[in-house]
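Engineer: build me a model:
(one chain, ligands or ions: 1)
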Amino acid sequence: MRSRKLLCRACAAVALVVAAAACSGDAALAQEQGRHEIVISAKRYAFSQPRIEVAVNDVVKITLVAEDIPHSFTIDEYRVSKRAAPGRPVTFEFRADRAGTFPFYCNLTIEDGCRGMRGELVVTPRLP
Ligand SMILES: [Cu+2]
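Structural biologist: Below is the predicted model:
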């Protein structure tokens, strides 16, 4: 009986916190730090989205889908290199913590055409 009551109190506390976050802080937080979920498909020999634009400190979650042969999504400056095979998409995320323009490309060398698979991640600084 006693533990049940305690449990309910804990639930109420959690509910309160969640409600408070939803009402006030969340909008501000979302502005300070955005989140992007992007699906990129890679197909001989291009990325479906050759330009990704985010603000600094945003979290970028990418799902890479290889449509025909294996491809990778590589950004040297962010030490990101993920490979997807057909039917086996890969999802990963990173924080875009440096402003600038960073090229991304497919680093697989099985097919020459992959060398031409390029795009850019543009990370814009936040306004003060
Ligand atoms: Cu490729």
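
Engineer: which strand residues bridge residue 46?
Structural biologist: Beta bridges link residue 46 to residue 43 when assigned by DSSP bridges.

Engineer: list the buried residues for stretch 68-81?
Structural biologist: 69-75, 78, 80 (16 or more other C-beta atoms under 10 Å). Bear in mind the C-beta positions are built from the backbone N, C-alpha and C, glycine included.

Engineer: what's the answer for stretch 46-53, then?
Structural biologist: 46-47, 52.

Engineer: please apply the same query to stretch 97-115.
Structural biologist: In stretch 97-115, counting by 16+ other C-beta under 10 Å, buried: 102, 104-106, 108, 111, 114.

Engineer: where does the protein come near the ion, residue by residue?
Structural biologist: 71, 106, 108, 114 (C-beta under 5 Å from the ion).

Engineer: 6 Å instead?
Structural biologist: For the chain, the contact set with the ion under C-beta under 6 Å from the ion comprises 42, 71, 106, 108, 114, 117.

Engineer: got those as TSV, with distance to residue 98, pLDDT and secondary structure columns?
Structural biologist: Output for these, formatted as TSV (distance: C-beta to C-beta, whole Å; pLDDT from 0 to 100; DSSP: H, G, I helix; E, B strand; the rest coil):
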residue	distance to residue 98	pLDDT	secondary structure
42	24	98	strand
71	25	98	strand
106	22	98	coil
108	25	95	coil
114	26	96	helix
117	23	97	coil
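
Engineer: so residue 102 versus residue 111, what's the distance?
Structural biologist: Distance, residue 102 to residue 111, by C-beta to C-beta, to the nearest Å: 24 Å.

Engineer: and residue 58, by the same measure?
Structural biologist: Residue 58 is 32 Å from residue 111, by C-beta to C-beta.
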